[in-house]
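Chemist: here is the input, now give the coordinates:
(3 chains)
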Amino acid sequence: MTNAWTDIRNTDLVIVMGGNAAEAHPCGFKWVTVAKAERGAKLIVVDPRYTRTASVSDYYAPIRPGSDIAFLMGVIRWCIENGKVQWDYVKNYTNAAFLVRDGFGWADGLFNGYDAEKRAFDMTEWDYQIGEGGFAKTDPTLTDPRCVWNLLKAHVEVYTPEFVTNVTGTPKDRYLKICELIGECSAPDKVMTSLYALGWTQHSKGAQNIRGMAMLQLILGNIGLAGGGVNALRGHSNIQGLTDIGLLSNMLPGYMTLPKDSETDYPTYMSTRGNAPLRPGQTSYWQNTPKFFVSFMKSMWGDAATADNDWAYDYLPKLDVPYYDILRTFDMMAEGKVNLYFAQGFNPLLSFPNRGKVTAALSKLKMLVVMDPLTTETAHFWEHHGIHNDVDSAAIQTEVLQLPTTCFAEEDGATVNSGRWLQWHWKGATPPGEAKPDTFIMANIFRRVQDLYRAEGGAFPDPILNLTWDYADPMEPTPEELAKEMNGRALATVYDPKDATKVIAEAGQQVPNFAALRDDGSTMSGCWIYAGSWTEAGNMMARRDNSDPGGMGTYLNWTFAWPANRRILYNRASTDLSGKPWDPSRKLIEWTGEKWEGFDVPDISPTAKPEEVMPFIMTNEGVGKLFSRKGLKDGPFPTHMEPFESPIANPLNPGLRGNPAARVFKGDLEQMAATGDPDFPCVATSYRLTEHFHYWTKHDKVNAALQPQFFVEISEELAAEKGIARGGWVRVWSRRGEVWAKAVVTKRIRPLTCDGKTVHVVGIPLHWGFMGAARKGFGPNSLTPFVGDANIDTPEFKAFLVNIEPASGEGMA
Amino acid sequence: MTDRAPQPTTAAANPPVQPLASNLLPSDVVRASAMPHITAPDRQLTKVAKLIDVSKCIGCKACQSACAEWNDTSPEIGENVGLYENPADLSSEMFTLMRYAEYENPATNELEWLIRKEGCMHCEDPGCLRACPAPGAIVQYSNGIVDFIHENCIGCGYCVTGCPFDVPRISPVKHVSTKCTLCSDRVAMGQGPACAKACPTQAITFGTKEAMIAHAEERIEDLKSRGYENAGLYDPQGVGGTHVMYVLHHADQPSLYSGLPDDPQIAPIVEDWKGPAKKVGLAAIGLAAVGAALHGIFARPLKVEPEDEEDAEGLVEAAERRAREDRA
Amino acid sequence: MKRVYSAAGDRIVSHDPLIVRRYGPFTRANHWLTAVSMLVLVLTGFAFFYPSLFFLTGLFGGGQIARWLHPIAGLVMAASFLILFVQLVRLNLPRREDVEWSMQIGDLLSGNENVMPPLGKYNAGQKLVFWGMAGLLAVMLVTGIMIWEEMVPLWQDRFPTLAGIPARRIAVALHALSAVLMMLLLILHVYAAIWTRGTFSAMLNGTVTGGWAYQHHRKWLRELAGRQGEGKPE
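Modeler: This next block holds a predicted model:
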């Protein structure tokens, strides 16, 4: 989230698209109801289904799964055409005026530089025209045809209301009504917030869905404002923490990245991460990367990381591929290239696409270790459970070890919510049986592996032998120790760079914030963005003071929010160029004439002059990017792409299938239905229900009673067409598998008309498996395709093709 | 034990950390089933109410879950019958249930998903209490809460017939009638009900009835501003008002909400049964008994006199003789 | 002589004094089983109907047991009465003299029994009790089953309307109404037995005196004597 959960109450308009906040985030959704009740805010829902969120909305419109970009580009086009643009914001705080290289272009649904063979674009031309001093050229008058604004206008030209409604299936009157409601928020004192979740990410163009909304919010001038922003509602408790501390195969903590194979030394690595400002006087905060990187390396290898060995740069693994995401890992596993797999706190058998392939992959492992508080389906993937897990146990030789772990309520620690708040919690119960904290298990494994390296040597034992492991009990690092390590401390006395006599931190003291981090080895910090979470003043995450002096819901003394306890990112943009709030009644910060002050931690240097330093300090430009340069692999602007499995051809280019830049593994395309495949006429989409949390709560008897059995949701029209009765059994199948479910026949799903075709939607919730208290059932992943987003490879769970028929019983025709 | 718990004012209040005595005592009972003459309480507690704002309700069932957890019930892990309602009905293990109705509003042409939390309404004039034959099995406290006292319940099910909302369910295991207690045990400790505590959107709020009505009025104003001209409060006067109230977008048509009664009243037949029938029945039986007694005292009993015996013998002899002759 | 006014087993057992058997041991046991179950029903039923009589449940070990016992006693009574019914039904069918007898009921009540028409084994009042009991019992059986909470799950799916609350409300009211009427009949039955001296022995040892039979059921007595004369008393 750019903003915070509590900030939603400040909004005038909530748009929930690509998510179902009421259903999947009921507690956070409270703030939507507060905004509605106390501010008179309106709520719009755009979703293939009339969801629980829609049930409390002011306006709802249906949309075909996987057509969000067309909708969003259409809204942008409508706003431009109807003058619903926050011009002061767009001109000053976005890259609208930046001039783009002449080689950049778009035709037939593709940007320039596409190589079909590599499924990749040559992105060289996706950049600004660079002028004197290495700065980007701009045209503040926005007249140059190569300025971003004019390119954007040209780019969205195709998204006429007719085009949009034809692709999305959204009725035109509803679409235009929503355009109008959104357009109102271009006024400086009207703010819209966007709440989205996996309904946007789980597409082969998920990142571009979100880009579309980010661009719209920039055009409306809603980023950085109270009640505004683009707000990702994270799908898992603490999944925000997972990304923060870099638990992705290509990441380091604090959103730094692992080196590639080609980056053989530290200077090479840092040369592409220098982030020189692209406009004069801009902050470009990532210029500080060396400080964060060196502090991280010192936290990892302590004294073994020195200036002489480039802070142990060689100890870091180097990636031979962009990343080892779950799809790549399981594709390799399916090819027999993985021997040992740790499933720590997740349930791949039900969570990863194309369950048939997942089962085949797990069956090729030598050993599978499952660390989980619950006995997961993955841990029992080899067990025959009738049609619910129809495997030949005797043919599976994988050895499975289950290591029971504690769950969050059985241990102290911090959970990071979607609003980036690190909220410390205390153990509420004693773990059952032999359950151990994950840290205990990992420490024990590590110490044993380290002993093996010490005893037997190895190709390169140094990173393992020299790893800092200074915990009081090496076999069980405590949450407090780990939290302090992530915050970081001074290794030598740290002085204020502006006043060399002023000590910021004595050696051994916790650093107060990331500004205290140094690139000379005098500080260490496990995760720079968490600096400030455990300072000399104590555990900031454990604070529980809910006073709110400004009445803006920032609650600065409640826990700790990264970065720097800031609650609303880019909050400098909540004021006009001179530093006055766009809406004085919703003041976050303002320029006093000398410095920035207010109810939130300013997202800018406190003394940065308002007319000189622009609000988007993390970008090289200092402004928000309507044109994302080379940021995304599938284009600097979002362009409509069909899902890999689609009932209609891409009207921009019927030859395109899915996202042209998405990675497809060998054999997976063959397991996908053809475009408009008559054998698979229905569009399916997967989702969660409030009654359950993923595959956990089906183990709980109360939750199991509240939603006991796997079902699919279909329209009354589809039910009538196929002869399906409410509450009857149905069989649903795709090119990859089949499931049996109870049929919920509802008015809340309606057939859509897209490109002249009637498109039926089949809704498939995801909470059942063959373990736990609820009735045995299936997950949508028995049906979903093995393909992900072009940028981050999140699997395409939200739009795929199936067929459906009535069944006389479970497992029967 | 130290102070007495305060009267609850909000569901969001935190539990007291020091031991407190209950604020809901047997002496606060104003009405008890089958006990027409009970001592009037020496104090009047402030009337409380739970307000369910259906326009804020997202149907998440957190209330159901909290209810089961707090009351330690085990709702059945049933089947999906093609609806979102689960369990399929209220039961002795599930005191509250989300009901979902899909409604196409003819006025706006919009689909509406009307979601209502069903459960005991805590009527000011409780039909269950009137129907109950077991002394003290159903009580009403002066704060308005209607509670079932299981020790006194005989499991006859009369309350089921008395309730205008079809709420009580008889446990097939414990043979006692069950329903929402408005968490009288929590309220006694200054807390709001578990469902209100769990509700993520504050669709369920709890406090004094006066405060809840005032809050409802604000909500109704908001709904009217959004085009729900008939928004209103459901506090049906046919049962004297209720201590569980709804804010409805369509207060003119409560039955849209999965059959919420438009004008609930204690069924006349139940009124007759528990009211006049008892008196008339008693009178009839009494009259008959008294009449018989008086007749017994004043009228001559039908007695067999010795001459009757002789007449009988004569008759028998004559009859036997005639029979013998006929046979011969 | 065909039996018109008497049942099998009715016979003159002694001539001096004249003693007539009115009920055999089975019928008497049957009657008393019915009576005992009725007593249980009356006590528990009154306890449920009148709060001031709820204490009567204490006779059975409390409200829960009384609630459990009441429908069981009801079934016992219904079954027992059914057996009784089969035995007694023929002689309780209405006859012409019942009309005359009923018209002259005033004479009877004021003690002028001598002017009443001669009767068979039962007079119209007894027949009223018999048929009234039978009818009310049928109503109580049906309504009782409808409100027998523990049994409802066994049949509610097949008869959802009858299991519905509106139907149950009617059932409880009818059940109570029938109970009141039955009480009136019971009072009539018992009082008539008290008022008509010499009646109890019919249900205690099974016999009545000849005078009793002569006075109240002359045709019955005459038929028995006639059959005796034919030599086929049984």
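Chemist: just give me how far the longest helix anywhere in chain A sits from the chain centre.
Modeler: Of all segments of type helix in chain A, defined using DSSP state H, the longest is helix A:438-456. Relative to its parent chain, helix A:438-456 has a centroid offset of 32 Å by C-alpha atoms, centre = their mean, to the nearest Å.
Chemist: and that helix, what does it pack onto?
Modeler: Judged by 3 or more C-beta pairs under 8 Å, 6 or more residues apart in numbering or on different chains; DSSP states H and E, the packing partners of helix A:438-456 are helix A:462-465. The way it works is simple: take the backbone N, C-alpha and C, and place the C-beta from them, glycine included.
Chemist: give the buried residues for the helix it packs on.
Modeler: Neighbour counts using 16 or more other C-beta atoms under 10 Å in any protein chain shown place A:Pro463 of helix A:462-465 among the buried residues.
Chemist: quick one, domains of chain B?
Modeler: Structurally, chain B divides into domains by automatic domain parsing as follows: B:26-266, B:276-327.
Chemist: what is the end-to-end distance of the last one?
Modeler: Put plainly, it is domain B:276-327. Start-to-end span of domain B:276-327 (C-alpha to C-alpha, to the nearest Å) is 64 Å.
Chemist: run through the residues of chain C sitting next to chain A.
Modeler: On the criterion C-beta under 8 Å from any C-beta of the partner chain, chain A has no neighbours in chain C.
Chemist: could you check which residue of chain C lies nearest chain B?
Modeler: Here chain C gets closest to chain B at one residue, C:Gly229, 2.5 Å apart by C-beta to the nearest C-beta.
Chemist: now for that residue, how many residues are close by?
Modeler: 22 (other C-beta atoms under 10 Å in any protein chain shown).
Chemist: stretch C:44-60 - what's its average pLDDT?
Modeler: Mean per-residue pLDDT for stretch C:44-60: 94.
Chemist: how far away is C:Val139 from C:Val180?
Modeler: 12 Å (C-beta to C-beta, to the nearest Å).
Chemist: okay, buried residues for the longest helix of chain A please.
Modeler: Across helix A:438-456, burial judged by 16+ other C-beta under 10 Å covers A:Asp438, A:Thr439, A:Phe440, A:Ile441, A:Ala443, A:Phe446, A:Gln450, A:Tyr453.
Chemist: go ahead and name everything in contact with it.
Modeler: A:344-345, A:371, A:403, A:405-406, A:461, A:464-465, A:467, A:469, A:471, A:474-479, A:482 (C-beta atoms under 8 Å, 6 or more residues apart in numbering or on different chains).
Chemist: and the pLDDT at A:Gly345?
Modeler: 89.
Chemist: try B:Val316
Modeler: B:Val316 is assigned a pLDDT of 89 by the prediction.
Chemist: Three-state assignment for it, please.
Modeler: Following DSSP: H, G, I helix; E, B strand; the rest coil, we place B:Val316 in the helix state.
Chemist: so it makes contact with C:Ala225?
Modeler: Yes: using C-beta atoms under 8 Å, B:Val316 is in contact with C:Ala225, at 4.1 Å.
Chemist: ok, the two, which is more surrounded?
Modeler: Remark: of B:Val316 and C:Ala225, C:Ala225 carries more neighbours, 30 against 24, as counted by other C-beta under 10 Å.
Chemist: and the helix or strand where the more buried one lies, what other elements does it pack with?
Modeler: Assigned by DSSP states H and E, C:Ala225 falls within helix C:218-230. Other elements packing on helix C:218-230 under the criterion 3+ C-beta pairs under 8 Å, 6+ apart are helix B:306-327, strand C:11-15, helix C:210-216.
Chemist: many thanks, we can stop here.
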